[in-house]
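# Here's a sequence, model it:
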Amino acid sequence: MEHQPAYFISLLAAFIHQRRSPEQRQIEWEQVYQLGNIHFVGGMIYLMAKTQEQGKRPPAALLQMMKQDFTSTIVRALHQESEMLRVIDELSRLQIPHLIFKGYAIKNCYPVKEMRTMGDIDILIKPEDREKSHELLQSMGFKPGIVTGEVWSYSKGTVHLEIHTQLLVNNINNKFDYMNYFSDVWDKAVMQPNRYTYEFSVNDHLLYMLVHMAKHFYGYGCGIRMVMDAAMYMIYFEKELDWGYLERELKKLNLVLFAHNIFALCRRWFEVSPPIKLPKMKEGFYELIGEYILSGGTFGANQREPHVVMLRQVYTNNKEVKKAPLTIGVYLEICFPGYEKMAEIPYCSFLKTMPFLLPAAWILRILRNMLLNSRNTFRFVCGIVQGKKDFKQQYELLLRLGL
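Numbering: from 1, shown residues only. Predicted coordinates for the structure are as follows:
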């Protein structure tokens, strides 16, 4: 791994273990700063950078920018905390059960919880409470945003909520029914003292984190913050995690290899390792996966082409596509998706009651893309033809990772 990315990781490791940051010569702080920005860990980097001795710190102007970002992170975290406490109180007052998961539930594992940034806060409710929660959030000043499947978004200033009625709205791949695995989440949830707030059990939350991480890897990518989450979680709940149970469940989920690779990264990057036997990650693979994670940013979109991601996903999941030449199979799948995918498109929702109109829906979709989004459509199709090399690299990397 190159010197600057390696130093960036060492700063995060120092933050995790609350020790002075390592001092090295010839550090290009601008590159370290940019990595902190695209992975949304800039506040952590600032806390470590300012502990350096005079003369080894970032240049004064850059250190000031880092301090401003740090201050903004603190202010945003305080706003999120204040609003979330109100939301939790109001949901409980109306007797709406709600499960807090992902970032807001994990932040307390960090030594400085405000540094665990969140783009949005995730809350799971029961489907029958959908309308009640919608009216409540609007009365609290939250404005409704995009609806994606079983996920509703709301915003109030810099605070963004995602209200879920399902933990997963689609499966990662065709290797396992992950949606069904988490369908009984309320039976496993742990009730908090107020009787309406719930959290995952300690073991099940780590399983969900790994599945969520796999979903992001399978999409555009997964940033270093998610790997840090796993490391911090293992430190914080070291005495409560049941590794026998976790290994059995990972085997059911068909994610043993993937999880072991993530744990191997936690061991190498953050000096955190579970009490199980892990494979030694070969140096070449370590370099590849490290570059893939660091180059992509928080959710991988920083250097990922959409057409390459779609190419890989179609090829991986569709056995019939694999029988045909690569681009022909992908063209057919992209232009003529199956009934289930087409019925999820808002303007093709008529298929839910009239599935026989699938051919008409295909034509409608093609015409809309050509007329309303012709430039991006042309670029997308050209990208598919030209993206074979990137596709192959991504496909083989994720295969080795365990996906």
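# When you work out contacts or count neighbours from here on, use the C-alpha atoms and nothing else.
Noted.
# Tell me the secondary structure of the residue nearest in space to the middle of the chain, please.
Among the residues of the chain, the one closest to the centroid is H216, at 5.0 Å (C-alpha atoms, centre = their mean). When classified by DSSP: H, G, I helix; E, B strand; the rest coil, H216 comes out as helix.
# Show residues contacting stretch 140-150.
Stretch 140-150 is contacted by residues 137-138, 152-156, 164-166, 169, 344 when judged by C-alpha atoms under 8 Å, 6 or more residues apart in numbering.
# do the same with stretch 223-239
16, 39-41, 106, 109-110, 202, 206, 209-210, 213, 241, 262-263, 265-266, 270, 272-274, 293-294, 296-300.
# Mark which of those are part of helices, please.
Filtering these for membership in helices, criterion DSSP state H, returns 16, 106, 202, 206, 209-210, 213, 262-263, 265-266, 270, 293-294, 296.
# Only whichever of those are buried, select them in ChimeraX.
The following ChimeraX line selects those of the ones in helices among the contacts of stretch 223-239 that are buried, judged by 16 or more other C-alpha atoms under 10 Å:
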select :16,106,206,209,210,213,262,263,265,266,270,293,294,296
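# P337: which of the ones in helices among the contacts of stretch 223-239 is nearest?
Set against P337, the nearest of the ones in helices among the contacts of stretch 223-239 by C-alpha to C-alpha is M213 (25.8 Å).
# Could you tell me how many residues sit around the residue lying closest to L288 once chain neighbours are set aside?
What sits nearest to L288 in space, not counting adjacent residues and going by C-alpha to C-alpha, 6 or more residues apart in numbering, is L397, at 7.6 Å. For L397, the neighbour count with other C-alpha atoms under 10 Å is 16.
# Model confidence score at L397, please.
Predicted confidence (pLDDT) for L397: 83.
# And for the one 3 residues further on?
If you check R400, the pLDDT there is 88.
# In terms of secondary structure, what does the helix or strand containing it contact?
Taking DSSP states H and E as the criterion, R400 maps to helix 388-401. Secondary-structure packing of helix 388-401 (3 or more C-alpha pairs under 8 Å, 6 or more residues apart in numbering; DSSP states H and E): helix 256-270, helix 306-317.
# Would you mind confirming that I96 makes contact with E131?
No. Assessed by C-alpha atoms under 8 Å, I96 is found out of contact with E131, at 11.0 Å.
# Compare those two and say which is more crowded by neighbours.
Shown here are I96 and E131; by other C-alpha under 10 Å, I96 has more neighbours (19 against 9).
# SS state for the more buried one?
Assignment for I96 (three-state DSSP): coil.
# Among the helices and strands packed on helix 388-401, show the one with the smallest mean pLDDT.
helix 306-317 (a mean of 61).
# contacting residues for I366?
By C-alpha under 8 Å, 6+ apart, the contact list for I366 reads C335.
# and it, what helix or strand is that in?
helix 358-372.
# That helix - what's its average pLDDT?
Helix 358-372 comes out at a mean pLDDT of 79.
# Return that helix as PDB; C-alpha atoms alone will do.
What follows is helix 358-372, C-alpha atoms only, in PDB (Å, rounded to 0.1, in the frame of the first residue of the first chain):
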ATOM      1  CA  LEU A 358     -44.900  -6.500 -19.300                       C
ATOM      2  CA  PRO A 359     -44.000  -6.000 -23.000                       C
ATOM      3  CA  ALA A 360     -45.700  -2.700 -23.100                       C
ATOM      4  CA  ALA A 361     -43.900  -1.600 -19.900                       C
ATOM      5  CA  TRP A 362     -40.600  -2.500 -21.600                       C
ATOM      6  CA  ILE A 363     -41.400  -0.200 -24.600                       C
ATOM      7  CA  LEU A 364     -42.600   2.600 -22.200                       C
ATOM      8  CA  ARG A 365     -39.300   2.400 -20.300                       C
ATOM      9  CA  ILE A 366     -37.100   2.500 -23.400                       C
ATOM     10  CA  LEU A 367     -39.100   5.400 -24.900                       C
ATOM     11  CA  ARG A 368     -38.900   7.400 -21.600                       C
ATOM     12  CA  ASN A 369     -35.100   6.900 -21.400                       C
ATOM     13  CA  MET A 370     -34.600   7.900 -25.000                       C
ATOM     14  CA  LEU A 371     -36.800  11.000 -24.800                       C
ATOM     15  CA  LEU A 372     -36.200  12.200 -21.200                       C
END
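# Show me which parts of the lengthiest helix in the chain are buried, residue by residue.
The helix that spans the most residues within the chain, counting by DSSP H, is helix 60-93. Neighbour counts over helix 60-93 (16+ other C-alpha under 10 Å) mark 63, 66-67, 69-70, 73-74, 76-77, 80, 84, 87-88, 90-92 as buried.
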